[in-house]
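Participant: structure for this input, please:
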Amino acid sequence: MPRLYVLVLSGGAGTRLWPLSRKARPKQFLGLLGERSLLQDTVDRVSELVPDERIFVVAPPEHRGLVYEQLPELRTDHLVVEPYPRGNAAAIGLAMAALAAFDPEAVVAVLPSDHVVERRDQFRKVLISATAAAEHGHLVTLGITPTRPDTGFGWIEAGDALAIDAPVEVRAVRRFVEKPKRDAAERMLAEGGHYWNAGMFVWRVEEILRAYDEHLPQTASAIHALREAIGSPRYESVLAEVWEETDRTTVDYGIAEKAKNVAVVPADIAWQDIGSWARLAELVQKTDNWASDEQVAEDAHGNYVWAPGKLVALVGVEDLVVVDTPDALLITPKDRAEDVKKVVDRLKREARDDLL
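Facilitator: Numbering: from 1, shown residues only. Here you go, the predicted structure:
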């Protein structure tokens, strides 16, 4: 597709997948579903539409080596390094500065690196439709067709269909609903026309830069300074100077919820966000009990076990997540899997860097 680029966001810490996901190698670099990592899988699913030379990645400096290890085809000037976390609005803005300097006419798909998409053919149709809408001047988000009244995601309410020739219908966005209560989520699911906000966007570079100017002027000022410095010896010093001045927010809050030209493409793509061990278990657990290696189960049901190289015996236990690594062992009921982050927070307070 002419002018379509892909920006892969690879800055997440993946703390809810501790103890396998660590600061040195967070979840996007792990082969949780097979031999290919989540980062590699993200690039694989767009490879039929976008050539290697139009792939960009934004990541923290400590993961530079991992990115090139897993994506050896990535051009050296296509890895955008964010000095330290400021929220994805700053990270995306930094990458937009690089893309604007590389190709000011670019249309860019912004894709997190920790998602799973099973219906790849449909995903490509959705991306083609989103690109068409972006070329008409819209800031486009992909709206995941909901399968349950989930309160852990933001939701999107779609409005009227837009007159855009595309394989998947494009609709205006009426409003965003941030992590609704259960009754509101049930109502939106029943009504239809509502979608999960997965944080995937498509837009023209110049259009999103105008939105930064209007809604996040501090970040916009940093973007303009960086755009002028790209390719010069001044770049690193300019980045160090302006980074702290960027807005600490997300593109969703900072721009998408405020802009008037936002559209949504409904994406029925069998999508999953691997945000916890319980969500990962939902994806891979095709049998009563699942183990990464050998298992023996006696009166045990619904358990997920990651313990490579070991036989695991399960006796009289149900709906557990067990994750065994050389220096840590996690045991939690699936319905408490989100609380793994509390363990990570405690280890941080206790300065147990050896376990983070």
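
Participant: host element of the closest residue to residue 257 other than its chain neighbours?
Facilitator: With sequence-adjacent residues excluded and distances taken as Cβ to Cβ, 6 or more residues apart in numbering, residue 257 is closest to residue 176, at 4.9 Å. Placement of C-beta: from N, CA and C, glycine included. Per DSSP states H and E: residue 176 is located in strand 171-177.

Participant: quick one: the residue nearest to residue 257 from residue 95, how far?
Facilitator: In this view, residue 176 and residue 95 are 22 Å apart by Cβ to Cβ, to the nearest Å.

Participant: ok, those two, which is more surrounded?
Facilitator: Legend: neighbour count by other Cβ atoms under 10 Å for residue 176 and residue 95, higher for residue 95 (26 against 18).

Participant: before we move on, back to that, mind listing what the residue nearest to residue 257 touches?
Facilitator: Residues near residue 176 by Cβ atoms under 8 Å, 6 or more residues apart in numbering: 154-157, 197, 252, 256-257.

Participant: redo those residues as JSON lines? Include secondary structure, pLDDT and neighbour count.
Facilitator: Converted to JSON lines, these look like this (DSSP: H, G, I helix; E, B strand; the rest coil; pLDDT from 0 to 100; neighbours: other Cβ atoms under 10 Å):
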{"residue": "154", "secondary structure": "strand", "pLDDT": "91", "neighbour count": "19"}
{"residue": "155", "secondary structure": "strand", "pLDDT": "95", "neighbour count": "24"}
{"residue": "156", "secondary structure": "strand", "pLDDT": "95", "neighbour count": "28"}
{"residue": "157", "secondary structure": "strand", "pLDDT": "95", "neighbour count": "17"}
{"residue": "197", "secondary structure": "strand", "pLDDT": "94", "neighbour count": "22"}
{"residue": "252", "secondary structure": "helix", "pLDDT": "92", "neighbour count": "18"}
{"residue": "256", "secondary structure": "helix", "pLDDT": "93", "neighbour count": "24"}
{"residue": "257", "secondary structure": "coil", "pLDDT": "92", "neighbour count": "18"}
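
Participant: please tabulate those residues in TSV, including the columns distance to residue 283.
Facilitator: Shown next, in TSV, are the contacts of residue 176 (distance: Cβ to Cβ, whole Å):
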residue	distance to residue 283
154	21
155	22
156	23
157	27
197	20
252	24
256	27
257	30
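
Participant: still on that earlier bit, average pLDDT across the strand holding residue 176?
Facilitator: Mean per-residue pLDDT for strand 171-177: 94.

Participant: with stretch 236-249 instead?
Facilitator: Averaging pLDDT along stretch 236-249 gives 94.

Participant: now it, how far from the centre of its chain.
Facilitator: Centre-to-centre, stretch 236-249 and its host chain are 22 Å apart (Cα atoms, centre = their mean, to the nearest Å).

Participant: hmm, who's touching it?
Facilitator: Stretch 236-249 is contacted from outside by 82-84, 86-87, 89-90, 93-94, 216, 218-219, 221-222, 225-226, 229, 254, using Cβ under 8 Å, 6+ apart.

Participant: same check on stretch 290-303?
Facilitator: 281, 284-285, 288-289, 304-322, 334.

Participant: may I have that stretch exported as CSV, CA atoms only?
Facilitator: Coordinates of each C-alpha in stretch 290-303 appear next as CSV, following Å, rounded to 0.1, in the frame of the first residue of the first chain:
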residue,chain,number,x,y,z
TRP,A,290,-2.5,-26.7,30.4
ALA,A,291,1.2,-27.0,31.1
SER,A,292,4.3,-25.9,29.2
ASP,A,293,5.8,-29.4,29.6
GLU,A,294,4.6,-32.7,31.2
GLN,A,295,1.7,-32.8,33.6
VAL,A,296,-0.2,-35.2,35.8
ALA,A,297,-3.6,-34.1,37.0
GLU,A,298,-5.7,-35.9,39.6
ASP,A,299,-9.1,-34.2,40.4
ALA,A,300,-7.6,-30.9,39.1
HIS,A,301,-9.3,-28.6,36.6
GLY,A,302,-8.8,-25.4,34.7
ASN,A,303,-5.2,-24.8,35.7
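
Participant: buried set for it?
Facilitator: 290-292, 295, 297, 300, 303 (16 or more other Cβ atoms under 10 Å).

Participant: ok, now stretch 63-83?
Facilitator: Along stretch 63-83, these residues count as buried under the neighbour rule (16+ other Cβ under 10 Å): 63, 66-67, 70-71, 74, 78-82.

Participant: max pairwise distance over the contacts of residue 176: which two?
Facilitator: Farthest-apart pair in the contacts of residue 176 is 157 and 252; separation 14.2 Å (Cβ to Cβ).

Participant: all strands for the stretch 1-150 of the chain, in order.
Facilitator: 4-9, 55-59, 79-81, 107-112, 115-117, 139-144 (DSSP state E, counting those that start in this stretch).

Participant: one more: the stretch 201-350 of the chain?
Facilitator: In the stretch 201-350 of the chain, the strands defined using DSSP E, counting those that start in this stretch lie at 262-267, 271-273, 290-291, 295-298, 304-306, 312-315, 320-325, 328-333.
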